[in-house]
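**Student:** Sequence and computational prediction follow.
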Amino acid sequence: MKIRSIFVFSAIAAMSVAAFGQQFGDGRLSREELNQIRAEARQQIELAKKSPLLSPSLRAKAAPGASNLATIPSPYDDPDSFGNNVKFLGSLYAGTVYIYHSCSAQVLQDELGLTLAADDKCIVHNPPSAPMNQTQVLYDPAWEYTIPKNTVSNTLYVMTNNNPGFDAFDVNGNANNYTVFYTPVVTFVSTALNDPLAIDPSTGQPMNGQYTASLSGGTTLQRSLAANEFASEYRSYASVGSRGFSRSYWRAVGLPDSVINKIYNRKMSLRFGIRVRVIGAVNFGQFYYSMRMLGD
């Protein structure tokens, strides 16, 4: 059997939970899936462009009647955090999502020596007879973290250590394809987001008390396998996301300051999750991450 390890991943970030369309039977992503991934990646760019370029003090110093304040360079981004002390807000492990041809406790123990912990998840993927046809987002009550009111004044910064891993081969020795799709996600739950002015930019609908965003470190890999070829990839890498979930982030999302102030003045729960999908000749997968949170 020819063996090759794959070390190419492309980072993506997603702001919404996608329901993908029809895919090719050979493991390739469909046009709808590709367009969805591209659109989600562009959303982060749009949010970055909307980030305030000037601090309040610079706005005050701008010439009267200036029509384009963005032409005045800012000495630092995210002025609400400048000079503030940083607080350590805790850490969390978001369980492990396993993908295998069976999720039977006996099969997992006999074939892998694996016993699922209470907060682990298992998804059946038995190519090609029972493909995993839909992206799934998995949560667990043990993955939820609550921040008391008035704990953070501006930035909530989540640093992740991502650990995606998989094996891929065709059990009949034929040429085949596979796709691996993984993204850590978080849902913010707050009564502040029940405000009618809290609108989800990805749907145009009210947030209704919660808002889901991706965390940094997501990966998508799509590749063809030659006959009798085996691919294996297990990685561990740290990721941090731009300016974090700060007041400037929420403004870029489109929330007014009246809603943003409520977010920080009230209790906020963060429900961490894992978004995953495999297609084609993936025979085993494990996906998990741990995170640390900082705030100011």
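**Tutor:** It's in. Numbering: from 1, shown residues only.
**Student:** all strands of the stretch 101-250 of the chain, in order?
**Tutor:** 121-124, 136-147, 156-168, 176-189, 210-214, 218-225, 229-234, 237-240 (DSSP state E, counting those that start in this stretch).
**Student:** lowest-confidence helix or strand of this protein?
**Tutor:** strand 10-12 (a mean of 33; mean pLDDT, DSSP states H and E).
**Student:** Determine which stretch of the strands of the stretch 101-250 of the chain is the most buried.
**Tutor:** strand 176-189 (a mean of 23; mean count of other Cβ atoms under 10 Å). No exception for glycine: its C-beta is placed from N, CA and C like everyone else's.
**Student:** Next up, the contacts around residue 99.
**Tutor:** If you count contacts by Cβ atoms under 8 Å, 6 or more residues apart in numbering, residue 99 has them with 122-125, 132, 166, 276, 278, 282, 284-287.
**Student:** how about TSV for these, with pLDDT and distance to residue 260 added?
**Tutor:** What follows is the contacts of residue 99, written out as TSV (pLDDT from 0 to 100; distance: Cβ to Cβ, whole Å):
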residue	pLDDT	distance to residue 260
122	95	39
123	94	37
124	93	42
125	92	41
132	76	38
166	94	40
276	93	31
278	91	38
282	92	41
284	93	44
285	94	38
286	94	38
287	96	32
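**Student:** Closest to residue 240 out of those residues?
**Tutor:** The closest of these to residue 240 turns out to be residue 287 (Cβ to Cβ; 19.1 Å).
**Student:** burial count for that closest one?
**Tutor:** 28 (other Cβ atoms under 10 Å).
**Student:** Pop out the phi and psi values for it.
**Tutor:** Torsion angles at residue 287 (phi, psi; degrees, to the nearest 10) stand at phi -140, psi 130.
**Student:** Which one of the strands of the stretch 101-250 of the chain lies nearest to residue 259?
**Tutor:** Of these, nearest to residue 259 by Cβ to Cβ is strand 210-214, at 10.8 Å.
**Student:** Return the distance of that closest one from the chain's centre.
**Tutor:** 9 Å (Cα atoms, centre = their mean, to the nearest Å).
**Student:** Remind me what it packs against, helices and strands.
**Tutor:** strand 176-189 (3 or more Cβ pairs under 8 Å, 6 or more residues apart in numbering; DSSP states H and E).
**Student:** my read: residue 274 touches residue 182, true?
**Tutor:** Yes - with contact defined as Cβ atoms under 8 Å, residue 274 counts as touching residue 182 (7.2 Å).
**Student:** which residues do these two both contact?
**Tutor:** residue 287.
**Student:** picking up where we left off before, mind putting the strands of the stretch 101-250 of the chain into TSV with distance to residue 87?
**Tutor:** TSV is the format used below for the strands of the stretch 101-250 of the chain (distance: least, Cβ to Cβ, whole Å):
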stretch	distance to residue 87
strand 121-124	31
strand 136-147	10
strand 156-168	10
strand 176-189	18
strand 210-214	21
strand 218-225	27
strand 229-234	34
strand 237-240	16
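**Student:** Now do the helices in the stretch 51-200 of the chain.
**Tutor:** 56-61, 105-112 (DSSP state H, counting those that start in this stretch).
**Student:** Which one of these has the poorest average confidence?
**Tutor:** Here the helices of the stretch 51-200 of the chain differ in mean pLDDT, and the lowest is helix 56-61 at a mean of 40.
**Student:** how near is the residue nearest the centre of the chain to residue 176?
**Tutor:** In the chain, the centroid-proximal residue (Cα atoms, centre = their mean) is residue 214; its distance is 2.9 Å. Distance, residue 214 to residue 176, by Cβ to Cβ, to the nearest Å: 29 Å.
**Student:** And for residue 165?
**Tutor:** 19 Å.
**Student:** before we move on, what about residue 166?
**Tutor:** For residue 166, the distance to residue 176 - Cβ to Cβ - is 14 Å.
**Student:** For residue 208, give me its contacts.
**Tutor:** Here residue 208 is in contact with 193, 194 (criterion: Cβ under 8 Å, 6+ apart).
**Student:** Report pLDDT for it.
**Tutor:** Looking at residue 208, the pLDDT reads 97.
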